[in-house]
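> Using only what follows, build the 3D model:
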Amino acid sequence: MKNIINKNLFTWLVIASLSIICFTSCKDDDKDDLNTPMKIIAVYLEDAQSSVPDRLVQYARLGQTVRLEGSGFTGLQKIYINGRSTFFNTALLTDANVVVSISSETPILDADPLLRNTIVLEKNGNQYEYKFEIRLAAPSITSISHTMAQAGEEITVYGTGLHGITKITFPGDITVTEENIISDNIDGKFCIVTVPSGVSDDGGALFVEGINGGAYSPAYFNFKKGLFHNFDDVNNYSWASGIDDAGTPLTDIIPATGSRPKSQGGYQCFNATGTAIAASADKRYWTNSADWPAALLDVIPGNTAANMAAVQMDIYVEGDWNSGLVRMVMADGSGTDKYCMLYRPWYVNGAIVPFENPNCWYTITLPFSDSDDYAGKTFADVVASMTAAPYKQSGPWFHNVGIPDVFEPLETNVKVYFDNLRVVPLNTPVYNEFGDE
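All right, here's what the predicted structure looks like:
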C-alpha cells in the first residue's frame, strides 16, 4: 500500500512539475509576444469578387476590408483608424497578419489632422502608428436632373461622394474640367455642369472623376436612339382626352430665362389652361404603339431585365403639385392600374412631402419593373404586352388620384408639361479604379 501511495505521489509530482514548467514557459512566451514590437509592412485590399482578391494597395476606402501584413501582431488589443477604434476579428489574427474592416463611421474630412490617414495598433500599453491613406467610399451617381439637355444648359448630377469633381466625360468622349464644374464639397451629394457641344446622339453614361475616385452614371444620357415621341421629328401621336388641341404642339420657349434646361421645339401639357382638375379625373395623351415598340428591340436587347430599362420623359411644372400623378401606360385595355408606372413627387418613401419645383425642365425615369406586371420580366415581355394589348396605344396621363387609406385627392390646377418620351437602358458601366479588370 505504501508503495502504491508513493508511486501515485511521484506521478502527481511529475505532472505538477511539468504543469509548472509549461505554465511558466507559456507565460514567458505570452510576455515575449506582448513585448514584441509591432510593424506593418504592407496593406492588402480583400475583395473576393475581384480578379485580384488580395491586392496590394496604397489607400483604402470606408466600408472596405483590408489585410495588414507585418509582424508582432500576437496579443494585439486595439486598432484605431483615423483615431476611431475599429473592430477586428481575432480569429483571423496571426503574428504576421490581421484582417480589419474600415467602418463607414470612420472620420475623414472631420478627422483630427494629426490622426488623419493613420492606422494605430495597440497592445500591452504600447502603440505603433502606420501612415496610410483612408478615403471616403467610392463616389456614385444616382440621377441626373435632365438626361437630354441641350448644349449650353446647366444640369445637376446627384449621388454620393461627389467631392472635388475635377472632370466629367460625356458620351462621345467630350470632357469638361474642374474650372467649369461646381462641386458640393461639404456633403458630396451633387455637382453642377454645363452641357458641352458635340455630345454623341447615341448616348451613354456620364463619367465623373474627383478626389474620391471615379463613377459612371447609367448609360441613358442623350439616348436619342430610344425616342418614340418628341412632338417634332419623332411623332406617333394618336389621340388624347382632356387636352385641348392635343395634336398641335405648344412651342413657346419655357422658361423664358435662366441657364437651366428649357423646352425643345414642340411639347404638350396636361391642363395648359390652368383650370381645376377634379378629384379622380384624368387627362390622357396617347401614342400609336402598333409599330414603335418592336423597332426599339434593335436599340434595347429583348433580354434586358425590366429593372434595367425604363421610360424617360422630360417635364416642366407650373403651380403646386399637391395631388395626382403621372401614369405612364404601356399597354391599354386591361384596366387602369395594369401595365403602367407611376410618378408622384409629393409622396416619397411612404411620406407626404412638399413638391420642390426646380422651375426648369427635368427628367423623370420610370423603370418597367415599377409595374407589377413587368416585375421579374424582360424588355421583350414589355413589347409583347403592347403587341397583345386590346388597344395599340401607350402614353402618359395626369390622373388626379390619391393614396388608399392615406390621402384623398384634392382638386388641383397644377400644369404638367411633357416632352421627349423615350425608352432608355439603366445599366451602369463598371468602373475599376485599378484599371486591370
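> any weak-confidence spans in the stretch 1-150 of the chain?
1-33 (pLDDT under 70).
> And the helices in it?
2-35 (DSSP state H, counting those that start in this stretch).
> ok, now the stretch 151-300 of the chain?
Along the stretch 151-300 of the chain, counting by DSSP H, counting those that start in this stretch, helices occupy 292-295.
> so Ala151 makes contact with Pro196?
Yes: between Ala151 and Pro196 there is a contact at 6.3 Å, judged by C-beta atoms under 8 Å. C-beta here means a position set from N, CA and C on the backbone, and glycine is covered the same way.
> Between the two, point out the one with more neighbours.
Pro196 (15 against 12; other C-beta atoms under 10 Å).
> Please report phi then psi for that one.
Backbone geometry at Pro196, expressed as degrees, to the nearest 10, gives phi -80, psi 170.
> Let me see the contact set for the residue nearest the centre of the chain.
Geometric centre of the chain, nearest residue: Thr142, 3.9 Å, by C-alpha atoms, centre = their mean. When contacts are counted by C-beta atoms under 8 Å, 6 or more residues apart in numbering, Thr142 touches 158-160.
> any idea how far Cys341 is from Val208?
Check again: residue 341 is Met, not Cys. Counting by C-beta to C-beta, to the nearest Å, the gap from Met341 to Val208 is 28 Å.
> hang on, Met341 is in a strand, isn't it?
Yes: counting by DSSP: H, G, I helix; E, B strand; the rest coil, Met341 is part of a strand.
> wait, what's in contact with it?
Shown in contact with Met341 (C-beta under 8 Å, 6+ apart): 311, 327-328, 330, 366-368, 370-371.
> Just the closest of these to Ile134, please.
Ile134 lies nearest to Pro367 out of the contacts of Met341, by C-beta to C-beta, at 35.1 Å.
> So what's the residue count around the closest one?
Residues contacting Pro367 under the criterion other C-beta under 10 Å number 18.
> can you check the one 3 residues further on too?
When neighbours are defined as other C-beta under 10 Å, Asp370 has 18 of them.
> Tell me the spacing between the closest residue to it other than its chain neighbours and Ala306.
Among residues not flanking Asp370 along the chain, Met341 sits closest, at 4.2 Å (C-beta to C-beta, 6 or more residues apart in numbering). Distance, Met341 to Ala306, by C-beta to C-beta: 10 Å.
> How far off centre is stretch 314-332?
24 Å (C-alpha atoms, centre = their mean, to the nearest Å).
> Now do the end-to-end distance for it.
Its first and final residues considered, stretch 314-332 spans 22 Å by C-alpha to C-alpha, to the nearest Å.
> Strands of the stretch 301-437 of the chain, residue ranges please.
Ranges of strands in the stretch 301-437 of the chain, per DSSP state E, counting those that start in this stretch, are 309-318, 325-329, 340-343, 347-348, 351-352, 362-367, 393-399, 415-425.
> how about the ones you listed, which one is nearest Tyr220?
Ranking those by proximity to Tyr220 (C-beta to C-beta) places strand 415-425 first, at 3.8 Å.
> Which parts of that closest one count as buried, going by neighbours?
Neighbour counts using 16 or more other C-beta atoms under 10 Å place 415-425 of strand 415-425 among the buried residues.
> Next up, the contacts around the nearest residue to Pro367 once chain neighbours are set aside.
Leaving out its chain neighbours, the residue that sits closest to Pro367 by C-beta to C-beta, 6+ apart is Ala310, at 4.4 Å. Applying C-beta under 8 Å, 6+ apart to Ala310 gives the contacts 220, 365-368, 423-424, 426.
> rerun at 10 Å
Contacts of Ala310 were listed using C-beta atoms under 10 Å, 6 or more residues apart in numbering, and they are 218, 220, 226, 300, 328, 341, 364-370, 379, 422-426.
> how near is Ala310 to Ile81?
Distance of Ala310 to Ile81, given as C-beta to C-beta: 40 Å.
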